Structure formats: C-alpha cells, structure tokens
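1. Structural data only, the sequence is not supplied:
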C-alpha cells in the first residue's frame, strides 16, 4: 500500500515492472545512482533523496537500503511534510535573526516544548538585565510581570493556546533590573505542531512614555472639567456640530435645564430669538459657533439671543 501511495500509482501498474518502467527517466536521478552503488558494492545505505514524478509533483524520501540475495531490500519513508516544515522553520529563523537585530523592541523566542527562552539585545538595552541575570526558562519571563497583571496575562496565554490562535497581543507592566516597571505592548506569534504550541516569538515594545502622556492628558482633562463645573459663571460647550457636551452647575441654575435634558441636543433648541424673524439666521450662527450674537439667560426659557 505504501509503495502504491509513494509512487502515485496502482498495484496493477506496479507489479512486474521495473522502476525505470514505472518512472521514465529514473535512471538519471540521484536516487538511482545511490541504489546502483549499493547494488554494485553490496553495501548497506541510508540517504535522503528528492524525487520528481512523471506528473511534475515531487517528494522527499528517507531511503534505507540492505543488499539481499535477490538484489536490494529497500525501505522508503515519505518525509516530504517534515522537510517542508524544516524549510519553513529555517526561513522563519532567518527572518527572526534579521528582525531581532534590526528592531528596537525586546524579542523573546520561547521554545515551549523544551521550556527555553532566547532574548535579543532589548532585554539589556531596555530593561537593563545582564546576560548573567537572564535565566532560560518561562518562569523567569513571567516572574517579571507585575503582580497586578500576572494572572490576567497567564489566563490570556492559556486561552490563546487552547483556542489554537496564532496571534496574542497584550499590555502589561514589566519589571526592570533597577526595580522599576515599564509599560509594554507585547505582540506574539505562536507556532503549533500536532495541535500543540511549540514556539512563541514575542516583540515587547516599551510604551511607558505613551502611557505617561495618556495619564497626563487624562489628568488635565479631569482638572479642566472640574474647573468648568465649579466655576461661578455659566459655562456651556458644544461640539463642532452644535450639540451640547458641556453644561456646568451655574448654567443649570440659571436656565433650569439639567445636563440630562440638554446633552446631545442642539444648543439652538434652548434659545429664544429676538426678533422672531431672525430665528433661522441666528440658529445658523449658533449651530456653527459664529461669535456675532449676544445672549442673556432667563430661567425656564434658556437663552435669549439677538444679532450684534
């Protein structure tokens, strides 16, 4: 059966035929030369050989040859898929080497099967660890994750492996050699074999400055919002389309309208226009935030506006 599969033929087509008859041109292949030498020298051989079939397809075979009284006893194993995987892994390793040298990120190559970690220069230049401090085990990497993030990150990785996902992305804090923490964005690619994760390549990007900037912006926005809310004068605001998005306490007291009543509505809905004939023109001014109108507040009515 294996001979039928490997020769891409049938039993009837193979029985009583020589290899040259089954595969025209076989005598010109490297495999034929190896077999001929084994026959002539009556020696045992083992070799790998790529073979191109008459239909143009090809395969790689692991050949074991043992001389016998009748000729040669041959065991052929199709290792095409294994060789494809090896070539793919070699290409991936080459790309990894180029990436790890070219990037400023910290690159972690985790051999999951053997529980071995390999790091590029980033673990030293970004996090400050020396080669002596780096230990090749997953517990070393995971032990440096901030306690507040550890369980979440561990669960994310476990779920990624269970669902056989090829990509995993996460934010967490990572311990530096000096005892401080950096915020990192981790993007990883996972390789599977027989449905099991065997390797993970992760790029850890230092996003500490970005996080600090976001925190500062949030703090400024919060402080500004508190100033507006507690100001002793009416302050309200709209977006570029004229929809209300700010309405402080004094504005509530003066107009009688709560935030829930006004948020998301046009400011022009809360304005009485004087004279009435200028209504459409003044609405256009207000909704486009043009500063050529004068308004005063009347409780229960909202704003009274006129052109200036």
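-> Looks like it arrived, so ask away. Treat the numbers as computed from the prediction; the structure is a model and nothing was measured. Residues are numbered from 1 along each chain as shown.
2. partner residues bridging the residue nearest to residue 262 when sequence neighbours are not counted?
-> Counting by Cβ to Cβ, 6 or more residues apart in numbering, residue 262 lies nearest to residue 244, which is 4.8 Å off, once chain neighbours are set aside. Backbone N, C-alpha and C define where each C-beta goes, glycine included. The bridge-partner assignment for residue 244, based on DSSP bridges, gives residue 238.
3. give the contact list for residue 244.
-> Applying Cβ atoms under 8 Å, 6 or more residues apart in numbering, we find residue 244 in contact with 236, 237, 238, 262, 263, 264, 265, 266, 267.
4. Hmm, the third one is touching residue 245, no?
-> What it means is residue 238. Yes. A contact is recorded between residue 238 and residue 245 when judged using Cβ atoms under 8 Å, the distance being 6.3 Å.
5. quick one, which of these two is more surrounded?
-> Ranked by neighbour count (other Cβ atoms under 10 Å), residue 238 and residue 245 place residue 238 first, with 18 against 12.
6. Mind pulling up the pLDDT for that one?
-> According to the predicted model, the pLDDT of residue 238 comes to 83.
7. how far away is it from residue 270?
-> Per Cβ to Cβ, to the nearest Å, residue 238 is found 11 Å from residue 270.
8. next one: residue 165
-> To residue 270, residue 165 is 51 Å away according to Cβ to Cβ.
9. Those two: which has the busier surroundings?
-> For residue 165 against residue 270, the residue with the higher neighbour count under other Cβ under 10 Å is residue 270, and the figures read 19 against 13.
10. The more buried one and residue 249, how far apart?
-> Counting by Cβ to Cβ, the gap from residue 270 to residue 249 is 16 Å.
11. same thing with residue 260?
-> Using Cβ to Cβ, one gets 14 Å for the distance from residue 260 to residue 249.
12. Counting neighbours, go ahead and name the busier of the two.
-> When neighbours are counted by other Cβ under 10 Å, residue 249 comes out ahead of the other of residue 260 and residue 249, with 15 against 8.
13. Leaving out sequence neighbours, find the closest residue to the more buried one.
-> Ranked by Cβ to Cβ, 6+ apart and with sequence neighbours excluded, the top spatial neighbour of residue 249 is residue 229, at 6.1 Å.
14. any weak-confidence spans in the chain?
-> Residues of the chain that meet the criterion pLDDT under 70 lie in 1-23, 54, 91-103, 136-138, 271-308.
15. all strands for it, in order.
-> Listed in chain order, the strands of the chain (DSSP state E) span 45-52, 58-68, 71-78, 106-111, 116-119, 167-175, 181-193, 196-206, 236-238, 244-247, 271-273, 293-298, 302-307.
16. Out of those strands, the one nearest residue 219 is which?
-> Proximity to residue 219, assessed across those by Cβ to Cβ, is greatest for strand 181-193 (16.4 Å).
17. which other helices and strands contact that closest one?
-> In terms of contact count using 3 or more Cβ pairs under 8 Å, 6 or more residues apart in numbering; DSSP states H and E, strand 181-193 is assigned the packing partners strand 167-175, strand 196-206, helix 208-229.
18. would you turn these into TSV with distance to residue 131 and mean neighbour count?
-> Shown next, in TSV, are the helices and strands packed on strand 181-193 (distance: least, Cβ to Cβ, whole Å; neighbours: other Cβ atoms under 10 Å):
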stretch	distance to residue 131	mean neighbour count
strand 167-175	17	16
strand 196-206	18	19
helix 208-229	24	12
